[in-house]
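1. Model the structure of this input:
(one chain, ligands or ions: 1)
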Amino acid sequence: MNCPYCGYQDSKVIDSRDVNDGIRRRRQCLSCSARFTTYERLQPSSLFVIKKDERREEFNRDKLLTGIRKACEKRPLPTGAVDKLADDIEAELYRLGKAEVPGAVIGDMVMERLKSLDYIAYIRFASVYRAFTDITALKQEVDTLVGGEAGVSHPVSQLPLLPSEELERVAKRRRRK
Ligand SMILES: [Zn+2]
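-> Residues are numbered from 1 along each chain as shown. Prediction:
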């Protein structure tokens, strides 16, 4: 661990304590005497996703990002919002400190965040992830969203819902498959 001030490679530990999920160490640079803090956390070297059929697949951030991007396609979201979402989920996954995570857990994390970001993206993602079999199931989900809108304040980024137009598009897409 190099000193963040002068780059010297050696420091001494002046204080060490357990924090929630790791160890926090106060250090002092042996060259410039600057003090800094390091955190040591347990992190599995790689994270595996448990698929529906019980197969394990190594967690792949790009794959996650592609899925979210697809759902957010052509939505007027702020630059970097999609990447940040993927980053947040990745960080949360590693914070769990587990070697394996069910795919459903990741899907739920995405849904939860998309719901507060953009309803259309949420519905698109849900229609793929939850594999809505028909328009009725999709409509139910939309109705739940619209129903829950009254009295609930949304972030400024939340856009008005255009259910009929979007539903038709999703339905068409599903029929083509
Ligand atoms: Zn230093």
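
2. can you tell if stretch 2-18 touches the ion?
-> Yes: residues of stretch 2-18 contacting the ion under Cβ under 5 Å from the ion: 3, 5, 6, 8. (C-beta placed from N, C-alpha, C; glycine too.)

3. which residue is nearest the centroid of this structure?
-> With the centre of the chain defined as its mean C-alpha position, the nearest residue by Cα atoms, centre = their mean is residue 89, 2.4 Å away.

4. Quick check: that one touching residue 108?
-> No: here residue 89 does not reach residue 108: they are 10.2 Å apart, not a contact under Cβ atoms under 8 Å.

5. which stretches of the protein have low pLDDT?
-> Across the chain, the ranges flagged by pLDDT under 70 are 21, 42-45, 131-137, 148-177.

6. The residue lying closest to residue 46 once chain neighbours are set aside pairs with what?
-> Nearest non-adjacent residue to residue 46, counting by Cβ to Cβ, 6 or more residues apart in numbering: residue 58, 5.7 Å away. Taking DSSP bridges as the rule, residue 58 bridges to residue 48.

7. So what's the residue count around residue 58?
-> 9 (other Cβ atoms under 10 Å).

8. next one: residue 96
-> Counted with other Cβ under 10 Å, residue 96 comes out at 13.
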